[in-house]
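Engineer: Fold the following.
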Amino acid sequence: MKIYHNPRCSKSRQTLDLIKQKTKNYEIIEYLNEPLEFDDYKLILEKMELKPINLVRIKETIWKENYKEKEMSDDDIIKALVDNPKLMERPIVTTNKQAIIGRPPENVLNLFS
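Structural biologist: Next up is the predicted model:
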């Protein structure tokens, strides 16, 4: 299990706390310090069965100022996430087969059932 974590985010911290209560077998990836690659996003999106726009924090200033008005393909959106990790919804928790966004943090519990 991996959590793509931002320690400054309360939802990310709450999700991590729930994971710690359930297992000791997890890896913390501080994605702002260790940005994801294009293929990482592709794999996460496949596990979630979501479109790339669903991983974007569309209220972020970076998005509004640089991307909101543009017509973008899914690959373009993933490239925007690679170039601007701050745009990624957080936290994301993955297993070998599944991935979820920890909003609300209780979503992570679905990975344990």
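
Engineer: center of this structure, which residue is that?
Structural biologist: Note on the chain: the residue nearest the mean C-alpha position is I92, at 3.7 Å, using C-alpha atoms, centre = their mean.

Engineer: How about the contacts made by the closest residue to it other than its chain neighbours?
Structural biologist: The shortest distance from I92 to any residue other than its chain neighbours is 4.3 Å, reached at Y4 (C-beta to C-beta, 6 or more residues apart in numbering). (C-beta placed from N, C-alpha, C; glycine too.) For Y4, the contacting residues are I29, Y31, L36, M88, R90, P91, I92, V93, T94, taking C-beta atoms under 8 Å, 6 or more residues apart in numbering as the criterion.

Engineer: Tell me which stretches of the chain form helices.
Structural biologist: When secondary structure is read from DSSP state H, the chain shows helices at 10-22, 38-48, 61-66, 74-83.

Engineer: before we move on, the earlier item: what is the nearest of the contacts of Y4 to L18?
Structural biologist: Minimum distance to L18 across the contacts of Y4 is 9.3 Å, recorded for V93 (C-beta to C-beta).

Engineer: Do I have it right that the closest one meets M1?
Structural biologist: Yes - between V93 and M1 there is a contact at 6.6 Å, judged by C-beta atoms under 8 Å.

Engineer: which of the two has more neighbours?
Structural biologist: Neighbours around V93 and M1, counted as other C-beta atoms under 10 Å, are more numerous at V93. The numbers are 26 against 16.

Engineer: So the residue nearest to K68 when sequence neighbours are not counted versus E49, what's the distance?
Structural biologist: Nearest in space to K68, with sequence neighbours left out and distances taken as C-beta to C-beta, 6+ apart, is I58 at 7.2 Å. As defined by C-beta to C-beta, to the nearest Å, I58 lies at a distance of 20 Å from E49.
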